[in-house]
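S.K.: Would you be able to build a 3D model of this:
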Amino acid sequence: MEEGHIIHKVVHFSGRVQGVGFRFATVRAAREFDVAGAVRNLPDGRVRLDAVGRPDEVIAFVGELTDRMSDFIREKDEREQAPPERFDGFSIA
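M.R.: As a prediction, this is how the structure comes out:
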């Protein structure tokens with residue numbers, strides 16, 4: 001990931017987002033963008049996405065994922081947090 005202005009978006013997806021390949025689709029989509037982060041299932045049935053990178057890359061990544069998985073997403077809650085000290089690669093947590 002290139003240096004410069006970095007953001008950290010936390011996105012919670014709800015709907016039918018577990019058991020449909022959402023996390024694997026997220027990892028595949030992340031490969032197309034210069035982002036780092038993680039995706040995980042939450043006990044309440046939502047999926048949490050942490051995406052770190054340049055604003056244009058993070059916004060495009062979240063948009064692409066939302067488009068790809070739109071049939072399964074009922075709601076999307078997006079917030080920005082302070083970027084972590086270090087976040088390398090993209091993984092399923």
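S.K.: my read is Arg23 is in a helix, agree?
M.R.: Yes. Looking at Arg23 with DSSP: H, G, I helix; E, B strand; the rest coil, it is inside a helix.
S.K.: So it sits against Ile92, correct?
M.R.: Yes. Shown here, Arg23 and Ile92 form a contact pair, counting by C-beta atoms under 8 Å, at 4.9 Å. The way it works is simple: take the backbone N, C-alpha and C, and place the C-beta from them, glycine included.
S.K.: quick one: which of those two has more around it?
M.R.: Neighbours around Arg23 and Ile92, counted as other C-beta atoms under 10 Å, are more numerous at Arg23. The numbers are 19 against 11.
S.K.: Distance-wise, check that one relative to Ile6.
M.R.: Distance of Arg23 to Ile6, given as C-beta to C-beta, to the nearest Å: 23 Å.
S.K.: Kindly state the beta-bridge partners for Glu80.
M.R.: Note on Glu80: beta-bridge partners Lys9, judged by DSSP bridges.
S.K.: wait, doesn't it sit right on Ile6?
M.R.: No. Taking contacts as C-beta under 8 Å, Glu80 lies outside contact range of Ile6: 11.1 Å.
S.K.: out of these two, which sits in the more crowded spot?
M.R.: The neighbour comparison of Glu80 against Ile6 (other C-beta under 10 Å) goes to Ile6, with 18 against 11.
S.K.: ok, and the closest non-adjacent residue to that one?
M.R.: Nearest non-adjacent residue to Ile6, counting by C-beta to C-beta, 6 or more residues apart in numbering: Pro83, 4.8 Å away.
S.K.: Equivalent analysis for Gly53, please.
M.R.: Using C-beta to C-beta, 6+ apart and skipping the chain neighbours, the partner closest in space to Gly53 is Val35 (4.0 Å).
S.K.: Pull the contacting residues for the one you found.
M.R.: Counting by C-beta atoms under 8 Å, 6 or more residues apart in numbering, Val35 touches 1, 51-53, 57-58, 61, 90.
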